[in-house]
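Q: I would like the atomic coordinates for the input below:
(one chain, ligands or ions: 1)
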Amino acid sequence: MAGQVALVINGRRVTASAGQTLLDAGLAGGRAIPHDCATGQCDTCRVRVYSGTVDDGGTRVGDTVLACRARLTTETVIEFDEVPDVVRRSGTVESVVALTPEIVEVTVTLRKRLAYLPGQYVRVTFPGCPPRDYSPTLRTDGSGELNELIFSIRQLDGGAVSSQLGKQISPGSAVKVEGPFGHAFHRLGRGRLVVVSAGVGFAPAWAVARASRLREPERDIVVVAGARHAHNLYMRPALQWLRERGAATTLTCSGANPPDDARPGRPTLHLPMLTADDTVVTAGGPELVAAVQFLAAAAGATCYADPFYAAERTGTTKHPAELNFIQRLLQRVTRHQTTKTEPVV
Ligand code: FES
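A: Next comes the predicted model:
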């Protein structure tokens, strides 16, 4: 492959070499496509191909490819969602409050505001701890200040970070934050919005659903949120807030003895019938997210996914042997679906 070809990125033309990745071509032409890992793992650089042919490097999902893997072959027109620039900020832990026996709400006050879209995540480094990815959210009553980042963090036995909450990580602790990242954020739209989450996946789900109610109050929205243990159903006030503003909400509990106001079983059991006009946003454990992606793909719905992993949600590589059955199945399905997705691995 040789020679010069044109690449049009969000309406701006740059000249590039055939065989270059879209990402490299954009950077060389002064038009940076949002990216993070640059190795095909995080999905941050996914772009829509409007015309032209690219060597997609096996990353095609519908009409989208990963810009860090896809290579130019002919003149090509691509587009991506404009997102806030990734920046670094510093701040201080304001409070550490137990929401449930396992889930803690941490509020960080930043010296300077960090712009992000509801549903995006940031990389947080507490003193003496490895970085972790968390989704800024609102308190369950809907409150939150512009210079605050509010996180819902599940405490894991032996977790390098979560086990330090309330100990090494306490009010006054210094915090470094980098971001925002991720594409499972709120977008204005006409079709129904279906938001599905489990556990602390409710953090980005709540941010997305609340933004939708405030910015597009006429849009149909269905919110399904749950937890395995009844004591972790901390999202009731937020669901009430959404219901009062016209959202259809369902609370689920997949563990023993679900409370009267929760439907038994996983959130996927209580999804509405999806259609190709729906936009689905899902966040939580990888199995739930993969199952929702699968159902959305089967219906031809657009799906934006934010899978949470126990240690972190950065673009870590997983050997196929580490993937469970649903994740491996989804990898195969998404190569042929028209649904826009984010990776589950
Ligand atoms: S930057 Fe392309 S997948 Fe991470």
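
Q: show me where the protein has its helices.
A: 22-28, 202-215, 236-244, 286-299, 325-334 (DSSP state H).

Q: quick one: the third one to helix 202-215, angle?
A: Using axes from the mean of the first three to the mean of the last three Cα atoms, to 10 degrees, the direction of helix 236-244 lies 30 degrees away from that of helix 202-215.

Q: of the helices of the chain, which is nearest the ligand?
A: With Cβ to the nearest ligand atom, the closest approach to the ligand among those belongs to helix 22-28: 6.7 Å. For glycine as for every other residue, the C-beta is placed from the backbone atoms N, C-alpha and C.

Q: can I get the helices of the chain in TSV with mean pLDDT?
A: TSV is the format used below for these (pLDDT from 0 to 100):
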stretch	mean pLDDT
helix 22-28	96
helix 202-215	98
helix 236-244	98
helix 286-299	93
helix 325-334	44
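
Q: which of the ones you listed sits closest to Arg60?
A: helix 325-334 (9.3 Å; Cβ to Cβ).

Q: what does the stretch 51-200 of the chain put close to the ligand?
A: Contacts of the stretch 51-200 of the chain with the ligand, taken as Cβ under 6 Å from any ligand atom, map to Leu66, Cys68.

Q: ok, back up a step: please work out which of the helices of the chain is packed deepest.
A: For the helices of the chain, the largest average neighbour count (mean count of other Cβ atoms under 10 Å) is found in helix 202-215, namely a mean of 25.

Q: Glu79: which of the helices of the chain is closest?
A: Closest approach to Glu79 among these (Cβ to Cβ): helix 22-28, 11.3 Å.

Q: check which helices and strands that closest one sits against.
A: strand 4-9, strand 12-17, strand 71-72 (3 or more Cβ pairs under 8 Å, 6 or more residues apart in numbering; DSSP states H and E).

Q: per-residue confidence for the residue in the stretch 151-300 of the chain that the ligand sits nearest to?
A: Closest approach between the stretch 151-300 of the chain and the ligand, counting by Cβ to the nearest ligand atom: Phe181, at 9.4 Å. Here the pLDDT value assigned to Phe181 is 88.

Q: next, count neighbours for it.
A: By the criterion of other Cβ atoms under 10 Å, Phe181 has 24 neighbours.

Q: rewinding a little: format the helices and strands packed on helix 22-28 as CSV; extra columns: mean neighbour count and mean pLDDT.
A: Below are those laid out as CSV (neighbours: other Cβ atoms under 10 Å; pLDDT from 0 to 100):
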stretch, mean neighbour count, mean pLDDT
strand 4-9, 18, 94
strand 12-17, 15, 94
strand 71-72, 22, 96
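
Q: dump those strands to CSV, plus distance to Ala276.
A: Below are the helices and strands packed on helix 22-28 laid out as CSV (distance: least, Cβ to Cβ, whole Å):
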stretch, distance to Ala276
strand 4-9, 28
strand 12-17, 31
strand 71-72, 31
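
Q: closest to Pro272 out of the ones you listed?
A: Proximity to Pro272 (Cβ to Cβ) singles out strand 4-9 among the helices and strands packed on helix 22-28, at 36.6 Å.

Q: show me how far the closest one is from its chain's centre.
A: The chain centroid and the centroid of strand 4-9 are separated by 30 Å under Cα atoms, centre = their mean, to the nearest Å.

Q: stretch 148-155 too?
A: Chain-centre distance of stretch 148-155: 15 Å, with Cα atoms, centre = their mean.

Q: that older thread, can you add distance to the ligand and give the helices of the chain back as CSV?
A: Compiled in CSV, the helices of the chain are given as follows (distance: least, Cβ to the nearest ligand atom, whole Å):
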stretch, distance to the ligand
helix 22-28, 7
helix 202-215, 19
helix 236-244, 31
helix 286-299, 17
helix 325-334, 14
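
Q: turn these into JSON lines, columns for distance to Ile103.
A: Output for the helices of the chain, formatted as JSON lines (distance: least, Cβ to Cβ, whole Å):
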{"stretch": "helix 22-28", "distance to Ile103": "37"}
{"stretch": "helix 202-215", "distance to Ile103": "9"}
{"stretch": "helix 236-244", "distance to Ile103": "13"}
{"stretch": "helix 286-299", "distance to Ile103": "16"}
{"stretch": "helix 325-334", "distance to Ile103": "25"}
